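1. got a structure for you, letters missing:
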């Protein structure tokens, strides 16, 4: 089965923004975020509305950086972790942009970029489209695990759901980092029912996507500056490197995980690392894309990672499936050379 | 803003299946369903697993009708109403097909067909893809409103969430009903906070999409055999016809609503009609596509309709946004003639 799909029109990330809360500001990437609200509330009355507002601010910021208005966007692809992605609809409906809602748990950032770039490749009249992904620690914890007030103990394998959003404006600028191909993830049994060990559940899916990509493409892993995963955290990253290094010796030197980049493991109590679909979105927007724009790196594989579960399915003891869609992001000049 | 996107490769619906529960079997379309389980449980222990199993049976049936196996499918786009679309992952992960999860509330069927046909248009090596959408009355009611055991009174505007799934296999057969273009819906404020009147909340979004489509395409509404909405029910259909008939006189003669077709309003206690994202999927699969294949109709506009809300957002008194993506389905021969 061929799994790599190439885009034959130029679809590039012309602008991006990262928005976060208190912990994200205190982390190593905090100063590179475009906007942080250390109250985590973003001026809203509920956590759900706060998450929506975070996405709205992220998209507005990305639009402003690109000298565009919401009226220039012909399509918006977005999603979040809340019940029925309501964070997204609460925050983004006021823009009045045609909307496709996606759900891939914490893999939603890459999924949204795949769907958006595919539709832009189809509808060649679309000049500009937007992708937004968000997660909020307080709306996610009370929905997936326990209400914050309960003060439950977290095991070392647990991750900290980030309060973060990333927004991306895609256009046709060949000079900007381009999404040139992608591989859609399979739902892979994570072999665990433990909703506090999502890194393990997602790591097998990430390994499946990476090994499938290199098997099919014939590319050398060392053609890439980084092979990035979304939020495997410490536990999941170790499992992934164990699996993939058997096939690709030296893989651990290429691997970077957004969940390990967002917080400082020494000073911030995030246990195994950050999670939530705002994690990979905000780290892509605040860290990898700026490095690419400064010419420090030229080509990455970027994979958000998701654990497909609900509060009901976890209580019912069903195995959690992981998923890991992948996009190749590269500077056009690199492509011409090859 | 241009909103109609045309597919330039042939993407057609080569096979389809409808699966339902007890009420669906008793309804006017019941005999045309491929499979019904009058226990509503589909052999499973929980309602959540039942919903997954329904989707699995639907996809297997559609594959069998097309003389294909799951290994022929290179891509699966699917979604449901459950928390984080877990019905879909529980039911479909065992196929091992690359997966894109979508969420558009009850609009998910059309949304999935749009995303799938766009990616198939991009990745021209994809010969076959699948789209699956499901809803289950018992998993939806306890999640969105009250547990079934509570026995809450339902107002006349309420709809009955269908226990139904529809599956579609898309291929490249020019003789089969073809998806030739689509319009992505906007999130339109439904001007209500009432989670038991979703028809009203969705009707404004449906009107927006229809009027935008005809304004941009210049087509005559009477070129179409039907203009179909997903699950507006009695209340929402009346509002839609009121709005659209002012611009398109005679619109009510063209309009059909899947939510009004699934149950018998005289003998089945569905109040304003059927809802749930299995509704439009199963009615498309059991009613409209077979009519097209028999040559009775040649061209329809098909629009699933969704109310973007969560249990939290309804309790928090936030206005419900509606959304209504649209696809044009036609027999290729009709297109050549025009």
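-> Sure thing, it's come through. None of these values were measured; they are calculated from a predicted model.
2. make it CA atoms for all contacts and neighbour counts henceforth
-> Will do.
3. contacts for the helix or strand hosting residue A:291?
-> In this assignment (DSSP states H and E), residue A:291 forms part of helix A:289-293. Helix A:289-293 is contacted from outside by A:176, A:177, A:297, A:298, A:299, A:331, using CA atoms under 8 Å, 6 or more residues apart in numbering or on different chains.
4. can I get those residues in a markdown table with distance to chain B?
-> Listed next are the contacts of helix A:289-293 as a markdown table, based on distance: CA to the nearest CA, whole Å:
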| residue | distance to chain B |
| --- | --- |
| A:176 | 21 |
| A:177 | 20 |
| A:297 | 27 |
| A:298 | 24 |
| A:299 | 22 |
| A:331 | 21 |
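5. report the buried members of those.
-> Neighbour counting with 16 or more other CA atoms under 10 Å in any protein chain shown marks A:176, A:177, A:297, A:298, A:299, A:331 as buried within those.
6. need the contact list for the last one.
-> For residue A:331, the set of contacting residues under the criterion of CA under 8 Å, 6+ apart consists of A:175, A:176, A:177, A:178, A:292, A:298, A:299.
7. columns secondary structure and pLDDT on top of these, output as a markdown table?
-> Formatted as a markdown table, the contacts of residue A:331 follow (DSSP: H, G, I helix; E, B strand; the rest coil; pLDDT from 0 to 100):
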| residue | secondary structure | pLDDT |
| --- | --- | --- |
| A:175 | coil | 94 |
| A:176 | coil | 97 |
| A:177 | coil | 98 |
| A:178 | strand | 97 |
| A:292 | helix | 97 |
| A:298 | coil | 97 |
| A:299 | strand | 98 |
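8. so which of those comes closest to residue A:199?
-> For these, the residue nearest residue A:199 by CA to CA is residue A:299; the value is 25.2 Å.
9. which pLDDT value goes with the residue nearest the centre of chain A?
-> In chain A, the centroid-proximal residue (CA atoms, centre = their mean) is residue A:280; its distance is 3.2 Å. Residue A:280 is assigned 98 on the pLDDT scale.
10. right, and it touches residue A:256 too?
-> No - look at residue A:280 against residue A:256 with CA atoms under 8 Å: they stay out of range, at 11.0 Å.
11. what is in contact with those two at once?
-> Counting by CA under 8 Å, 6+ apart, the residues touching both residue A:280 and residue A:256 are residue A:229.
12. what's the nearest residue to the closest residue to chain B within the stretch 151-300 of chain A if we skip its chain neighbours?
-> Nearest residue of the stretch 151-300 of chain A to chain B: residue A:186, at 4.2 Å (CA to the nearest CA). The shortest distance from residue A:186 to any non-neighbouring residue, by CA to CA, 6 or more residues apart in numbering or on different chains, is to residue B:98 (4.2 Å).
13. enumerate the residues of the stretch 51-200 of chain A near chain B.
-> With CA under 8 Å from any CA of the partner chain as the criterion, the stretch 51-200 of chain A meets chain B at residues A:71, A:74-75, A:81-86, A:89, A:93-94, A:96-105, A:111, A:115, A:118-119, A:121-123, A:184-189.
14. next step: these restricted to helices.
-> Judged by DSSP state H, those include A:86, A:89, A:111, A:115, A:118, A:119, A:121, A:122 as members of helices.
15. which members of the residues you listed are classed as buried?
-> Of those, these count as buried by 16+ other CA under 10 Å: A:86, A:89, A:111, A:115, A:118, A:119, A:121, A:122.
16. contacting residues for the first one?
-> Right, residue A:86. For residue A:86, the contact set (CA under 8 Å, 6+ apart) comprises A:48, A:52, A:80, B:308, B:309, B:310, B:313.
17. can I have the buried ones of those as a ChimeraX selection?
-> Entered in ChimeraX, the line below selects the buried ones among the contacts of residue A:86, by 16+ other CA under 10 Å:
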select /A:48,52,80 /B:308,309,310,313
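18. ok, so of the contacts of residue A:86, who is nearest residue B:40?
-> Closest approach to residue B:40 among those (CA to CA): residue B:310, at 24.0 Å.
19. for the closest one, which residues are in contact?
-> Contacts of residue B:310 (CA under 8 Å, 6+ apart): A:83, A:84, A:85, A:86, B:144.
20. how about residue A:324?
-> Applying CA under 8 Å, 6+ apart to residue A:324 gives the contacts A:107, A:184, A:185, A:186, A:202, A:205, A:206, A:209, A:303, A:304, A:305, A:306.
21. tell me which element the fifth one falls in.
-> The reference is to residue A:202. helix A:198-217.
22. which SSE is immediately downstream of that helix?
-> With elements assigned by DSSP H and E, the helix or strand that comes after helix A:198-217 is strand A:226-229.
23. re earlier: number of nearby residues for the residue of the stretch 151-300 of chain A closest to chain B?
-> 25 (other CA atoms under 10 Å in any protein chain shown).
24. contacts only, for it.
-> If you count contacts by CA under 8 Å, 6+ apart, residue A:186 has them with A:205, A:208, A:209, A:323, A:324, A:325, B:93, B:96, B:97, B:98, B:99.
25. residue A:260: which of these is nearest?
-> Residue A:260 has its nearest neighbour among the contacts of residue A:186 in residue A:324, at 16.9 Å by CA to CA.
26. phi, psi of residue A:303?
-> According to degrees, to the nearest 10, the main-chain angles of residue A:303 amount to phi -130, psi 110.
27. any idea how far chain B is from it?
-> 14 Å (CA to the nearest CA, to the nearest Å).
28. what residues are up against the closest residue to that residue other than its chain neighbours?
-> Setting aside the residues directly before and after it, residue A:303 is nearest to residue A:326 in space (CA to CA, 6+ apart), at 4.3 Å. By CA under 8 Å, 6+ apart, the residues touching residue A:326 are A:110, A:182, A:183, A:184, A:185, A:209, A:301, A:302, A:303, A:304.
29. tally of neighbours for the last one?
-> This means residue A:304. Neighbour count for residue A:304, taken as other CA under 10 Å: 33.
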